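Visitor: only geometry, no sequence info:
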């Protein structure tokens, strides 16, 4: 009979329509912005800089090596190195970025800067509601706007953050142990010549004279 | 499929006046190609399509390549002040535009056979025979090469610009193409972008 | 307008022009057939042209007499950008070529570079590539069926059903790669990162639920009389023309030519998966639509097998370098069977960090070679449907 196909199609549409009232598989509308779907763990939007501890000025991981600036495909990162150095988590003095600008209107969220960073200093945020009325300045994020604490990074990517934290802790412990061993070795080598010096003076002194 | 050397022998046997060179590919992919001269490209292409053991009936890709003029230093024996010495001379190698065809066979399911053809130079003598009468799939790709590189294809049924608009003057994919001076303000310029942005730094934006 | 090279034609105005003459003349150059011809520009802003795409159509009444597609509205000169950046930095740009199928674009580019350099890809990465590519094919064909119905006037219902299922697949991509569409996941020598915990089980759930959705979809559409009468016999593509015009992908197979790169080239680990290649009989729009539905079912079979067999192991070749990647001079052409057709990348390297020549072989552009041949003699409304069944994405056509 002509029209059977259309009737079957109408039955299908009817099933979807009626089901959208009580079948969870067919209730797919999420009324944004009142309702929001939770984002996945790996979801990425724009980068941010990570600092350890409480003080951004002390704990900033970025050492201004400019690798992310070179590798960024649309070249949206702009870095200026500082003139002085500050110690990193291993105790070694490193430069830090005096200027670190990311132009989020150019950034294409490709995550290459995160992949190439050797210091785990830049990571992907998942904030996407960054719209502003200021066409150029409002979308240009500077270093202070980009810096966020490690605790925030742990809430975003728990698996990655825990791996990185354990690794950095191991490195710090190893560096501290090495520093202690170096200090002990130096102290030992500093103490040795004094013992030898007293030995020679007693020999050189005239016998019978109390030293 | 036979090796490229054997194909070359058979092509030369079929079209004796053609000049066919084997271009070796040093990469591990080992996709060597045949360079054909401009005058016999159409006959070679037709032979490759009709030959029963090759049956190259599918032209997969047509690419344009720009080889700009280069100079190289060569050691030449010359007489200077009566003494024969070896002198280093700079010799200019004229550039050209090249068109590369990747051919496959749907009937016999083998390939690729890669053909290359060069123009005489980059300025005036940029004509090359079109292979659209042999493989219709070259039509839009040859138009694109005409648009972006400037190679004229003789025998193409409809040679117009494809991607750029009518009236556009230059050929964008050439190595010596200069972008027009219509630069917009950008907040994070550096390197090359900074040089071009300097004249416009005070225009627009509130950074 | 450069006047073209069609100087050998006579400008005779009768509609009975020979094929070559008709082919060569632009719409502006043809003489009007007694005042009854109408030239329309189905301009770049049109809801049915799948992006910014223009067709100059010359009509006699409602019948198409001549059709010239006009491209270039989305031209970003991607090939020149790639000559200015390194090999790795081009990878996010390949996402944006065919923006529906970013993972297959990534795979094609990674394959071309691996052919150029000779990198080996570990087993687990190969399986992940197959899984993501087949998921991409599923969501692309679902969208295409939806958009085709939209063009036919079904005002969005099949499209929204398709999008609803596509959301599950995009959620999978988001948990794996971080982004729903611009995935940037493949690297030279493997994949960027391993799967998060529980991802493979989520994929199994989606793959198990998909056939039921496909059955509902087919119930809605395949036997529908309106669909059948509008698409059967419309836009017939013959085998010889298809092969000669370098058509690839589902359009070629709908014409009856058995050429699927997954079988012919056998790239990656596809030879391990026994799947059938559906072929069309008539080469019309209905065949192109049905072929995509059948291909979706074959993709589900491949996915089930891949999910069963995926081994543990590394996901990237340890010798592959992320920074400072300088391949030796040479060239390579790597191609895959993308959802739209044969997507190929041709790279010429001169030993530097940037490619010397980087060329994308766009399946959508080359499939449009025959648009005029398919549309001649049909109505304007059929033009829209034929364009929809060829499945173009302007990001790929214009690059």
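Guide: It's in. This structure is a prediction, so every number in the text was calculated from the model and none was measured.

Visitor: tell me, how many neighbours does residue A:36 end up with?
Guide: Using other Cβ atoms under 10 Å in any protein chain shown, residue A:36 is surrounded by 9 other residues. Yep, even glycine has a C-beta here, placed from its N, CA and C like the rest.

Visitor: State whether it and residue A:129 are indeed in contact, as I suppose.
Guide: No: between residue A:36 and residue A:129 there is no contact under Cβ atoms under 8 Å: 10.1 Å.

Visitor: which residues are contacting the lengthiest strand in chain A?
Guide: Ranked by number of residues, the top strand in chain A under DSSP state E is strand A:97-103. The contact list for strand A:97-103 (Cβ atoms under 8 Å, 6 or more residues apart in numbering or on different chains) reads A:46-47, A:49, A:60, A:62, A:64, A:76-83, A:139-143, A:146, B:186-188.

Visitor: Please enumerate the strands of chain A.
Guide: Going by DSSP E, chain A shows strands at A:47-51, A:77-81, A:86-87, A:93-94, A:97-103, A:122-124, A:140-141, A:147-149.

Visitor: how about TSV for those, with mean neighbour count and mean pLDDT added?
Guide: Listed next are those as TSV, based on neighbours: other Cβ atoms under 10 Å in any protein chain shown; pLDDT from 0 to 100:
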stretch	mean neighbour count	mean pLDDT
strand A:47-51	23	90
strand A:77-81	19	88
strand A:86-87	12	82
strand A:93-94	14	86
strand A:97-103	21	88
strand A:122-124	23	91
strand A:140-141	21	85
strand A:147-149	18	89
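
Visitor: Make JSON lines from those and add distance to residue C:219 to it.
Guide: Formatted as JSON lines, the strands of chain A follow (distance: least, Cβ to Cβ, whole Å):
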{"stretch": "strand A:47-51", "distance to residue C:219": "47"}
{"stretch": "strand A:77-81", "distance to residue C:219": "52"}
{"stretch": "strand A:86-87", "distance to residue C:219": "67"}
{"stretch": "strand A:93-94", "distance to residue C:219": "65"}
{"stretch": "strand A:97-103", "distance to residue C:219": "50"}
{"stretch": "strand A:122-124", "distance to residue C:219": "42"}
{"stretch": "strand A:140-141", "distance to residue C:219": "50"}
{"stretch": "strand A:147-149", "distance to residue C:219": "50"}
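
Visitor: right, so of the ones you listed, which gets closest to residue C:98?
Guide: strand A:122-124 (24.2 Å; Cβ to Cβ).

Visitor: Which residue is the nearest non-sequential neighbour of residue C:246?
Guide: residue B:137 (2.5 Å; Cβ to Cβ, 6 or more residues apart in numbering or on different chains).

Visitor: for residue B:122, same thing?
Guide: Leaving out its chain neighbours, residue B:122 is closest to residue B:95 (Cβ to Cβ, 6+ apart), at 5.0 Å.

Visitor: next one: residue C:185
Guide: Closest to residue C:185 by Cβ to Cβ, 6+ apart is residue C:177, at 4.3 Å.

Visitor: After the helix or strand of chain C with the lowest mean pLDDT, which helix or strand is next? Please name it.
Guide: Within chain C, confidence by mean pLDDT, DSSP states H and E is lowest for helix C:19-24 among all helices and strands, at a mean of 46. Remark: after helix C:19-24, the chain's next helix or strand is strand C:37-42, criterion DSSP states H and E.

Visitor: and that following strand, what does it pack onto?
Guide: Applying 3 or more Cβ pairs under 8 Å, 6 or more residues apart in numbering or on different chains; DSSP states H and E, we find strand C:37-42 packed against strand C:54-60.

Visitor: Under a three-state scheme, what state does the nearest residue to residue C:353 once chain neighbours are set aside occupy?
Guide: Leaving aside its chain neighbours, residue C:353 sits nearest to residue C:86 (4.9 Å; criterion: Cβ to Cβ, 6+ apart). What DSSP: H, G, I helix; E, B strand; the rest coil gives for residue C:86 is coil.

Visitor: From residue A:13, how far out is residue C:86?
Guide: 51 Å (Cβ to Cβ, to the nearest Å).

Visitor: cool, and residue B:16?
Guide: 69 Å.

Visitor: pLDDT below threshold where in chain C?
Guide: C:1-35 (pLDDT under 70).

Visitor: got it, and chain B?
Guide: B:18, B:79-80, B:182-207.

Visitor: got the residue ranges for the helices in it?
Guide: Ranges of helices within chain B are B:4-14, B:41-50, B:138-148, B:192-197, based on DSSP state H.

Visitor: Now do the second one: which elements does it pack against?
Guide: Spelled out, it's helix B:41-50. helix B:4-14, strand B:110-118, strand B:127-129.

Visitor: Next: the third one.
Guide: For helix B:138-148, the contact count by 3+ Cβ pairs under 8 Å, 6+ apart identifies strand B:58-67, strand B:96-105, strand B:152-154, helix C:363-367 as packing neighbours.

Visitor: which residues touch the third one?
Guide: If you take Cβ under 8 Å, 6+ apart as the criterion, strand B:152-154 is touched by B:126-130, B:132, B:142, B:145-146, B:159, C:5.

Visitor: Residue B:99: what's it in contact with?
Guide: Here residue B:99 is in contact with B:62-65, B:116-118, B:128, B:142, B:145, B:151 (criterion: Cβ under 8 Å, 6+ apart).

Visitor: How about the residues of chain A by chain C?
Guide: Within chain A, the positions near chain C by Cβ under 8 Å from any Cβ of the partner chain are A:2-6, A:8-9, A:11-13, A:15-16, A:28, A:39-44, A:67, A:71-73, A:108-112, A:115-116, A:124, A:159.

Visitor: Buried ones only from those residues, please, as a PyMOL command.
Guide: Only the buried members of the residues of chain A next to chain C end up in this PyMOL selection, burial being decided by 16 or more other Cβ atoms under 10 Å in any protein chain shown:
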select buried, chain A and resi 5+8+9+12+16+40+41+42+43+44+67+71+72+73+108+109+110+111+112+115+116+124
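
Visitor: Next one: the residue most central in space within chain B from residue B:23, what distance?
Guide: For chain B, the residue nearest the mean C-alpha position is residue B:98 (2.3 Å; Cα atoms, centre = their mean). The gap separating residue B:98 from residue B:23 is 10 Å, by Cβ to Cβ.

Visitor: which neighbours do these two share?
Guide: residue B:116.

Visitor: What's the local residue count around residue C:326?
Guide: Counted with other Cβ under 10 Å, residue C:326 comes out at 15.

Visitor: For whichever residue of the stretch 101-250 of chain C sits closest to chain B, give me phi and psi.
Guide: Going by Cβ to the nearest Cβ, chain B is nearest to residue C:246 of the stretch 101-250 of chain C, at 2.5 Å. According to degrees, to the nearest 10, the main-chain angles of residue C:246 amount to phi 60, psi 30.

Visitor: Do I have it right that it meets residue B:134?
Guide: No: look at residue C:246 against residue B:134 with Cβ under 8 Å: they stay out of range, at 11.6 Å.

Visitor: Quickly list what's touching both of the two.
Guide: With Cβ under 8 Å, 6+ apart, residue C:246 and residue B:134 have common neighbours residue B:59.
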